[in-house]
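**Student:** Got a sequence here, can you model it:
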Amino acid sequence: MNRLHTFYCVLTCAILGSSFTVSRSLAGFPVLTGQALRYTLAAAALALLTTWLRPTGRELLRLLGVAATGLVGFNVLLMYALGHADPAAIGTIVGASPLLLALLGPLQERRRPAPRLLLAAAVVVLGAVLVQGGGRIDGKGLAAATGVLVCEAAFSLLAAPLLPRLGPVRVSAWSTALAVPLLLVALPFTGEVPRLPTAGEAAALAFLGLVLTVVAFVCWYSGVARLGIERAGVFVGLVPVFALLTVALVDRVAPGPHQLLGVAAVSAGLVLGLRGGSPAPDAGAGRGNQDAWKAPHAPHSSSAPAASPASPGSSGSSSASPSRASTSPAPT
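**Tutor:** Numbers count the residues shown, from 1 in each chain. Below you'll find the model as predicted:
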């Protein structure tokens, strides 16, 4: 069972990391409008995959928190940060999320963080920094990027207590549905002018809604429910690795020596994090979603860095130069 959920986490990171080719086609599309369309499509698709179960008032507040931070706040802050920093610099800061989850995940459950997982997360973060490199950033960009990091972590932390009863599909469905009106309310304050997508942009939004959101969100939350927040969080370091691999394949950009060293560090951190016993929640965690599917687990999801899973996580962008690949966090 743990192997299956490990696969879910890796698949989530692969989708987030490789989604830059789709996100690049949305570089000229209004960001929040695109997110609203993406989450509307995702919420509709997720509603077809689950049976009805009304959340309690407290659960609804948590779901609203997931939508406000991990989905809406992530994208608004990322959009602001990109005006004050290079994507690689933002990605480096947001790349610290495995360490944040390894620390805050256990504290949320009133237990001590596992030293081995803290060390594993630190190694993974170091590797992610080497893969992404650095770049220009000012004070406002640093503050906004830190906010993106907090929102990325909140995407998992706020949702984790909901998973045993509601299950990954319902949590994903409710959070994406609640994000849509929040995005529409935020639109007037950003100065963004909504417009209809072109055929190419509509196809990209469909991919982000059905694959990056539906598949990645459900797979990520399934992994969190079974493996625990801090253990699943270590996998976030794979997002820049998959982004680097995609850049190398699509744009034919050879990774530099420091990036290859970063990949090795991420791999070492994952091996360390997966060794030994798991501090995962009790075996009953995640059973609340056994009736969540009307169909088989077939096609099982901005920023995170999409990706959340965070993450992650979109209308995020990536650019590559002959010397290196520069990847922005993918908004959840």
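
**Student:** any idea how far the nearest residue to R226 once chain neighbours are set aside lies from V224?
**Tutor:** Residue nearest to R226 in three dimensions, not counting chain neighbours: H5, with 4.1 Å by C-beta to C-beta, 6 or more residues apart in numbering. In short, each C-beta sits where N, CA and C put it, glycine included. Separation of H5 from V224 (C-beta to C-beta, to the nearest Å) stands at 9 Å.

**Student:** which neighbours do those two share?
**Tutor:** A232 (C-beta atoms under 8 Å, 6 or more residues apart in numbering).

**Student:** More neighbours: which of the two?
**Tutor:** A direct count of neighbours by other C-beta atoms under 10 Å for H5 and V224 places V224 higher, at 34 against 20.

**Student:** Chain neighbours aside, what residue packs nearest to that one?
**Tutor:** With C-beta to C-beta, 6+ apart as the criterion, V224 has its nearest non-adjacent residue at 4.7 Å, and that residue is A232.

**Student:** for that neighbour, helix, strand, or coil?
**Tutor:** Of the three states, A232 takes helix under DSSP: H, G, I helix; E, B strand; the rest coil.

**Student:** shaky segments in this protein?
**Tutor:** Counting by pLDDT under 70, the chain contains low-confidence ranges at 1, 276-332.

**Student:** Which helix in it has the most residues?
**Tutor:** Among all segments of the chain classified by DSSP state H, the helix with the greatest residue count is helix 163-190.

**Student:** Show me what that one is packed up against.
**Tutor:** Counting by 3 or more C-beta pairs under 8 Å, 6 or more residues apart in numbering; DSSP states H and E, the packing neighbours recorded for helix 163-190 are helix 31-49, helix 57-66, helix 74-81, helix 216-227.

**Student:** Highest mean neighbour count out of the ones you listed?
**Tutor:** Mean neighbour counts were compared across the helices and strands packed on helix 163-190 using mean count of other C-beta atoms under 10 Å; the top stretch is helix 216-227, at a mean of 30.

**Student:** So which elements touch it?
**Tutor:** Contacting helix 216-227 under the criterion 3+ C-beta pairs under 8 Å, 6+ apart are the following elements: helix 2-18, helix 163-190, helix 229-233, strand 308-311.

**Student:** got the angle for the longest helix of the chain vs helix 31-49?
**Tutor:** Angular relation of helix 163-190 and helix 31-49 on a 0 to 180 degree scale: 150 degrees, by axes from the mean of the first three to the mean of the last three C-alpha atoms, to 10 degrees.

**Student:** The nearest residue to G135 once chain neighbours are set aside and A265: what is the separation?
**Tutor:** Using C-beta to C-beta, 6+ apart and skipping residues adjacent in sequence, the residue nearest G135 is D86, 2.9 Å away. According to C-beta to C-beta, D86 stands 22 Å off from A265.

**Student:** Kindly present the helices and strands packed on helix 163-190 as CSV, with separate columns for distance to R165.
**Tutor:** Below are the helices and strands packed on helix 163-190 laid out as CSV (distance: least, C-beta to C-beta, whole Å):
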stretch, distance to R165
helix 31-49, 17
helix 57-66, 8
helix 74-81, 25
helix 216-227, 11
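
**Student:** mind listing what the residue lying closest to A85 once chain neighbours are set aside touches?
**Tutor:** Excluding the flanking residues, the one nearest A85 by C-beta to C-beta, 6+ apart is G141, at 3.3 Å. Residues in contact with G141, defined by C-beta under 8 Å, 6+ apart, are A81, G83, H84, A85, A89, I90.

**Student:** Now rank those residues by neighbours and give me the top one.
**Tutor:** I90 (30 neighbours).

**Student:** Mind telling me what element it is part of?
**Tutor:** helix 87-94 (DSSP states H and E).

**Student:** returning to that earlier point: would you format the helices and strands packed on helix 216-227 as TSV with distance to S156 included?
**Tutor:** TSV is the format used below for these (distance: least, C-beta to C-beta, whole Å):
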stretch	distance to S156
helix 2-18	11
helix 163-190	10
helix 229-233	6
strand 308-311	7
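
**Student:** so which of these is the most packed in?
**Tutor:** strand 308-311 (a mean of 36).

**Student:** picking up where we left off before, out of the helices and strands packed on helix 216-227, the one nearest L208 is which?
**Tutor:** Taking C-beta to C-beta as the measure, the helices and strands packed on helix 216-227 were each checked against L208, and helix 2-18 came out nearest at 10.0 Å.

**Student:** what about stretch 179-197, distance to the chain center?
**Tutor:** A distance of 21 Å separates the C-alpha centroid of stretch 179-197 from that of its chain, computed with C-alpha atoms, centre = their mean, to the nearest Å.

**Student:** Also stretch 8-25?
**Tutor:** Between the mean C-alpha position of stretch 8-25 and that of its chain there is a distance of 9 Å (C-alpha atoms, centre = their mean).
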